[in-house]
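> Sequence and computational prediction follow.
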Amino acid sequence: MQGLHGLRGTLSRLMARPDSIVLELGAGGELLVARLRLLFAALLLVLPVANILTGGGLGETLAGLAGAILINLLSLLWLLLARDPRRYPWLPFVTTGFDVSVVTLVLGLLAWQHPPAGLNSTVVWCCYALAIMFTALRGDGRASVFAGLLAILQYGALLAVVVASADSPERLISSDYGVVHLGSQFQRLVLLAILTAVTAVIAFRTQQLVLTSGHDRLTGLPNRTWLVHQGPQLLAQARSQECSLSVALVNLDGLGRINQQEGEHAGDRALCHVVELLRGMSGRGDRLVRLGGDELVAVMPQPAGTAWERMDAARRELTSRPLVVGRGGGRMYLSFSAGIACSPADGLSMADLLRRADRRLRQSKLEGGNKVIARDD
Ligand SMILES: Nc1nc2c(ncn2[C@@H]2O[C@H](COP(=O)(O)OP(=O)(O)OP(=O)(O)O)[C@@H](O)[C@H]2O)c(=O)[nH]1
């Protein structure tokens, strides 16, 4: 029963929209696949030339050339769209569908001329495997499952049509391609299913790895890596909406002393207590990040004045909400200091904002801590 729950949980996580960092990495993968696709498509242009040079008919050469040009044009379009992937979340699914369908189309053309060539071709059939495996580079398990199901459905349909339309068993026998066995065709479908499952698991593991590297284990908050990746995006978003973005650098007061007097476990709990409070008081569009040690960053899509009011309210709330420590129920009163910087007035990059916020944080520490500063005097 527990195993079933675990499997269901893994499947629902696999089918969920990946985290924004994973999607960003996947967008890089999409661009890489788009470049490779264009390279392979350019190689297809050589085939009609080779066909005519080796005595092929003009009609089939022209048809082959038209097909190769169409594939090249579409590959170029996918490359252009992949350069700005955040605007096209559907792109991995459309391009994956394109890759799989091109393989089916080529197999269909081969089968039309000579059924065993379409059903027993190894090289072209392996391109299904490539199309499915390339989805792992997108870091999105949903694209892998989509590619696999589409390949199985299309190849299954092709198999059914070719076998049903073969008027005699001899049509499925070839001296070059061997005999079309239904058993081995079924094995091909099973292989596609296994490949899909393996690729989806690889994509899922990649997502987990990226998520773990972007999140802090103690508090579960996004970490510095997350902020480095997402900071520019948050700033660009605020700029495009012509609104301010405030960054509050928060530092717990006296964590070293708490560690020494109460132990590291109590120190950990003190950190989590502050995080819980800030989380509870965060508003729509806010982001809370643990930079490292006892330093947190609250990103708020608000002007400095509002951000100061909210952080100061959180500071006052913390001083009135003690942490219960030890078996005896002793209370530990905590406080934090914070420096706030706001874009665009204090800087246009996350690094500038953090530098300015850090200067104000140090000022509040110099003034005895338990204070939020949003302006230089
Ligand atoms: N328990 C615990 N302690 C940590 C963690 N990360 C960093 N620390 C400790 O936090 C302390 C931070 O020291 P300081 O930067 O001097 O800050 P402080 O002791 O809070 O003093 P002020 O900031 O000046 O008030 C160090 O003693 C670190 O060892 C953590 O995850 N858990």
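All right, it came through fine.

> From the ligand, how far off is Leu159?
Taking Cβ to the nearest ligand atom, to the nearest Å as the measure, Leu159 and the ligand are separated by 58 Å. Every C-beta, even on glycine, is put in place using the N, C-alpha and C of the backbone.

> give me the number of residues near that residue?
20 (other Cβ atoms under 10 Å).

> got it, and Arg331?
10.

> That one - nearest residue in space that isn't next to it in sequence?
Nearest non-adjacent residue to Arg331, counting by Cβ to Cβ, 6 or more residues apart in numbering: Pro322, 3.9 Å away.

> Then Leu288 would be within a helix, right?
No. Counting by DSSP: H, G, I helix; E, B strand; the rest coil, Leu288 is located in no helix; its state is strand.

> Verify the contact between it and Leu296 for me.
Yes. Checked against Cβ atoms under 8 Å, the pair Leu288 and Leu296 is within contact range at 6.4 Å.

> how about the residue nearest to Arg331, phi and psi?
In terms of degrees, to the nearest 10, the main-chain angles of Pro322 are phi -70, psi 160.

> Any idea how many residues pack against it?
Neighbours of Pro322 (other Cβ under 10 Å): 13.

> So for Leu288 and Leu296, which sits in the more crowded spot?
More crowded of Leu288 and Leu296, by other Cβ under 10 Å: Leu296, with 24 against 19.

> What distance do you get for that one to His114?
Distance from Leu296 to His114, counting by Cβ to Cβ, to the nearest Å: 67 Å.

> circling back: for Leu288 and Leu296, list the residues in contact with both.
Leu221, Val275, Leu278 (Cβ atoms under 8 Å, 6 or more residues apart in numbering).

> Identify the residues contacting the last one.
Contacts here follow Cβ under 8 Å, 6+ apart; on that basis Leu278 touches Val250, Leu288, Leu296, Ala298, Ala314.

> Let me know the closest of those residues to Leu23.
Leu288 (20.5 Å; Cβ to Cβ).

> Spit out the contact partners of the closest one.
Leu288 touches Leu221, Pro222, Val275, Leu278, Arg279, Ser282, Leu296, Val297, Ala298, Val299, counting by Cβ under 8 Å, 6+ apart.

> Could you dump the residues you listed into TSV and include distance to the ligand, secondary structure and pLDDT?
As requested, these are arranged in TSV below (distance: Cβ to the nearest ligand atom, whole Å; DSSP: H, G, I helix; E, B strand; the rest coil; pLDDT from 0 to 100):
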residue	distance to the ligand	secondary structure	pLDDT
Leu221	12	coil	92
Pro222	15	strand	90
Val275	11	helix	96
Leu278	16	helix	95
Arg279	17	helix	93
Ser282	21	coil	88
Leu296	11	strand	96
Val297	15	strand	96
Ala298	17	strand	96
Val299	21	strand	96
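
> Give me the buried subset of these.
For those, a neighbour count by 16 or more other Cβ atoms under 10 Å gives the buried set as Leu221, Pro222, Val275, Leu278, Ser282, Leu296, Val297, Ala298, Val299.

> Counting neighbours, which bits of stretch 169-186 end up buried?
Leu172, Ser174, Tyr177, Val180, Gln185.

> Can you check the distance spanned by it, start to finish?
End-to-end distance of stretch 169-186 (Cα to Cα, to the nearest Å): 18 Å.

> How about residues contacting that stretch?
His114, Pro115, Pro116, Ala117, Leu119, Asn120, Ser121, Leu159, Val162, Val163, Ala166.

> can you do 10 Å?
For stretch 169-186, the surrounding residues in contact (Cβ atoms under 10 Å, 6 or more residues apart in numbering) are 110-111, 114-122, 155-156, 158-160, 162-163, 165-166, 187.

> among those residues, which are in helices?
Here DSSP state H is the test, and the contacts of stretch 169-186 give 110-111, 115-120, 155-156, 158-160, 162-163, 165, 187 as lying in helices.

> Spell out which parts of the stretch 201-350 of the chain neighbour the ligand.
Contacts of the stretch 201-350 of the chain with the ligand, taken as Cβ under 6 Å from any ligand atom, map to 218, 251-257, 259, 264, 267-268, 271, 293-294.

> Closest one to the ligand out of the buried residues of stretch 169-186, please.
Proximity of these to the ligand (Cβ to the nearest ligand atom) peaks at Gln185, which lies at 57.8 Å.

> circling back to that earlier point, ChimeraX command for the buried members of the contacts of stretch 169-186?
Here is the ChimeraX command that picks out the buried ones among the contacts of stretch 169-186, judged by 16+ other Cβ under 10 Å:
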select :110,111,115,116,117,118,119,120,121,155,158,159,162,166
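
> What about the residues of the stretch 201-350 of the chain next to the ligand, which one has the most neighbours?
Leu252 leads those on contacts (other Cβ under 10 Å) with 23 neighbours.
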